[in-house]
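Peer 1: Got a predicted structure plus its sequence, pasted below:
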Amino acid sequence: MQRDAHGMSTMATTTTDIDDLTEECDECDQQTPHTITVKILTESSQPENAQYSREPYRISECRVCGDTERTRMNNA
Ligand SMILES: [Zn+2]
């Protein structure tokens, strides 16, 4: 039996699975398999502004140590 114990608590509205890639992991200090996803995260850093900007982030999760790295895809 398989249990999904993934307790993600981000405000993600959209998740797009891209692929598994091999990338350099800082924690493992070597090339490891990563799960790459793209999520639209709502940023609410400006309380005065009722407008929430929704930004796509590229989430790279190391499948060895579980370390995740978020990279904002829109660099304004
Ligand atoms: Zn790692």
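Peer 2: Cool, got the structure.
Peer 1: Mind checking what helix or strand follows the least confident helix or strand in the chain by mean pLDDT in sequence?
Peer 2: The weakest-scoring helix or strand in the chain, judged by mean pLDDT, DSSP states H and E, is strand 12-25 (a mean of 75). Remark: after strand 12-25, the chain's next helix or strand is strand 30-43, criterion DSSP states H and E.
Peer 1: partner strands of that following strand, parallel or antiparallel?
Peer 2: Here strand 30-43 has these sheet partners by DSSP bridges: strand 12-25 (antiparallel), strand 53-62 (antiparallel).
Peer 1: OK, contacts around the nearest residue to Ser44 once chain neighbours are set aside?
Peer 2: Nearest non-adjacent residue to Ser44, counting by CB to CB, 6 or more residues apart in numbering: Tyr52, 5.5 Å away. Glycine gets a C-beta too; all of them are placed from N, C-alpha and C. Listed by CB atoms under 8 Å, 6 or more residues apart in numbering, the contact set of Tyr52 reads Thr42, Glu43, Ser44.
Peer 1: quick one: the second one and the ion, what's the gap?
Peer 2: For Glu43, the distance to the ion equals 27 Å [CB to the ion, to the nearest Å].
Peer 1: Not counting sequence-adjacent ones, nearest residue to that residue?
Peer 2: With CB to CB, 6+ apart as the criterion, Glu43 has its nearest non-adjacent residue at 5.0 Å, and that residue is Ser53.
Peer 1: Just to check, Asp67 is in contact with Asp26?
Peer 2: Yes. Asp67 lies in contact with Asp26 (CB atoms under 8 Å); the separation is 7.2 Å.
Peer 1: residues near the closest residue to Ile59 other than its chain neighbours, how many?
Peer 2: Nearest non-adjacent residue to Ile59, counting by CB to CB, 6+ apart: Thr37, 4.8 Å away. By other CB atoms under 10 Å, the residues close to Thr37 number 18.
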